[in-house]
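Trainee: okay, here's the prediction I keep looking at, along with the sequence it came from:
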Amino acid sequence: MASLRDIKNRITSTKKTSQITKAMEMVSAAKWNRGVMNAKAFVPYMEKIQEVTASIAMGSKDSNHPMLNSRPVKKTGYLVITSDRGLAGAYNSNVLRQLYQTIQQRHKSNDEFAIIAIGRVGRDFFQSRGMNVVLDIVGIADQPSFAEIQDIASNTVGMFSDGTFDELYIYYSHYVSAIAQEVTDKKLLPLTDIGGASTKLTSYEFEPNAEEILEVLLPQYAESLIYGALLDSKASEHAARMTAMRNATDNAKELINSLSLSYNRARQAAITQEITEIVGGAAALE
Amino acid sequence: MKTIKVSVVTPDGPVYESDVEMVSTKASTGELGILPGHIPMVAPLQIGAVRLKNGSKNEFIAVSGGFLEVRPEQVTILAQSAEQSSEIDLERALKAKERAEQRLHERKQENIDFKRAELALQRAINRISVAERRI
């Protein structure tokens, strides 16, 4: 049985840990709030650009813009969004596991795909397995602004245009609610289903013409899809971390409770023993 | 006078929303003025100022990298960044201008970042000119 002092030490250290996890939970809660707000602020822009892109792309069906047409796939690109830090429960491992399994199933050699990693955890995961990480970005702010992400997004879109890969999938964790996030995989490029179910299409006049507008609009549309995915996964990262930290705090509390119980028991046992010794000693003197 | 609803939306959220009498802006093909009742239209915008006329009042918004979408009852400007003249950080824009100019001087030979510096310079000049017009 552990000594009184050992138990006491464990209680103190567990208490300290729970203070830290509690603080982290609160920090994440604040970031999560702002993350959700950012994701919401982005919705009007996304809806608008989708609407416009859909109606232009539908209007000029026979367009031969490279971003709209599928070409034979020699190499596949995967964009994976993870966090820079851990302690977020299964947030990172879920995304990574799914992508890893998909790659194992679809590809036989490392030359058939390229990975673009946003976030340190994802980059390290694939690099340590010797996979082909062509571009990686770490240290993205918790509330990324569009300007911050624009370089990455346009680089990625540029890689598709210059033939580094012939299709692009994006893997990230979609925010459902504070306790639920689900791994989502989307085919980003080529843009085959834009808008899909958009209800009413306006027929526009184009200035100067549809082709030239698509030239500018499509990269921007793809970039905003990437930005949207990033905002989404940031919101779920903070939600996941918040939940993980809340669980850790709860577990610490439980542990403290059971440790205090055994501490009290041990203390009582020690007292009882002392009394027995005194009584025994006194009896021996008589 | 008839008015038309204008909204300026960026990835970081809506920037401006109001009814105005006229929208005047610089599209890639040239100056463009939109009055209520315009036919539906889409046009890419240059880095430049959007002028929103309301009565005798003019408001300016600096936009970069965007689109103009016109519908009979609404004008939407989708831009990668947009600031109202009152929100522009003039000091920052001046610094950005300086930086971009310096970069353009240094990199005369190699043109890797030339285009980017040029665009940055354009954006900075645009912000400065919009910010100065508020007075």
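Mentor: Looks like it came in fine. Numbering: from 1, shown residues only, chains lettered A, B, ... in the order given.
Trainee: so what's residue B:100 up against?
Mentor: B:117-118, B:120-121, B:124 (C-beta atoms under 8 Å, 6 or more residues apart in numbering or on different chains). In short, each C-beta sits where N, CA and C put it, glycine included.
Trainee: let me have these in JSON lines, extended by pLDDT.
Mentor: JSON lines is the format used below for those (pLDDT from 0 to 100):
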{"residue": "B:117", "pLDDT": "76"}
{"residue": "B:118", "pLDDT": "78"}
{"residue": "B:120", "pLDDT": "80"}
{"residue": "B:121", "pLDDT": "81"}
{"residue": "B:124", "pLDDT": "84"}
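Trainee: secondary structure added to those, as JSON lines?
Mentor: Shown next, in JSON lines, are the contacts of residue B:100 (DSSP: H, G, I helix; E, B strand; the rest coil):
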{"residue": "B:117", "secondary structure": "helix"}
{"residue": "B:118", "secondary structure": "helix"}
{"residue": "B:120", "secondary structure": "helix"}
{"residue": "B:121", "secondary structure": "helix"}
{"residue": "B:124", "secondary structure": "helix"}
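Trainee: just the buried residues from those, in PyMOL please.
Mentor: Selection of buried members from the contacts of residue B:100 for PyMOL, criterion 16 or more other C-beta atoms under 10 Å in any protein chain shown:
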select buried, chain B and resi 117+120+121+124
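Trainee: looking at the contacts of residue B:100, spot the one nearest chain A.
Mentor: Distance to chain A across these (C-beta to the nearest C-beta) is lowest for residue B:120, with 10.9 Å.
Trainee: show me the contacts for that closest one.
Mentor: Residue B:120 neighbours (C-beta under 8 Å, 6+ apart): B:96, B:99-100, B:103.
Trainee: kindly recompute the last result at 10 Å.
Mentor: Neighbour list for residue B:120: B:64, B:96-97, B:99-101, B:103-104, B:113 [criterion: C-beta atoms under 10 Å, 6 or more residues apart in numbering or on different chains].
Trainee: and what of residue A:169?
Mentor: By C-beta under 10 Å, 6+ apart, the contact list for residue A:169 reads A:76-80, A:99, A:102, A:106, A:113, A:185-189.
Trainee: show me which residues of the stretch 151-286 of chain A sit near chain B.
Mentor: Applying C-beta under 10 Å from any C-beta of the partner chain, one finds that the stretch 151-286 of chain A approaches chain B through A:151, A:202-210, A:212-213, A:215-217, A:220-221, A:223-224, A:227-228, A:231.
Trainee: picking that back up, inside strands: which ones of the contacts of residue B:120?
Mentor: Judged by DSSP state E, these include residue B:64 as members of strands.
Trainee: got CSV for the contacts of residue B:120, with pLDDT and distance to residue A:247 too?
Mentor: Formatted as CSV, the contacts of residue B:120 follow (pLDDT from 0 to 100; distance: C-beta to C-beta, whole Å):
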residue, pLDDT, distance to residue A:247
B:64, 85, 45
B:96, 84, 45
B:97, 84, 51
B:99, 83, 47
B:100, 81, 49
B:101, 82, 54
B:103, 78, 49
B:104, 77, 54
B:113, 66, 47
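Trainee: could you pick out the buried ones from the contacts of residue B:120?
Mentor: Buried among the contacts of residue B:120 by 16+ other C-beta under 10 Å: B:64, B:96-97, B:100, B:103.
Trainee: which one of those sits closest to chain A?
Mentor: residue B:64 (9.9 Å).
Trainee: who is the closest one paired with across the strands?
Mentor: residue B:81 (DSSP bridges).
Trainee: wait, residue A:139 sits on residue A:83?
Mentor: No - using C-beta atoms under 10 Å, residue A:139 makes no contact with residue A:83, being 11.1 Å away.
Trainee: find residues that contact each of those two.
Mentor: Residues touching both residue A:139 and residue A:83 (C-beta under 10 Å, 6+ apart) are A:119-120.
Trainee: who has more neighbours, the two?
Mentor: Higher neighbour count among residue A:139 and residue A:83: residue A:83, with 26 against 7, using other C-beta atoms under 10 Å in any protein chain shown.
Trainee: what about the more buried one, is that helix, strand or coil?
Mentor: coil.
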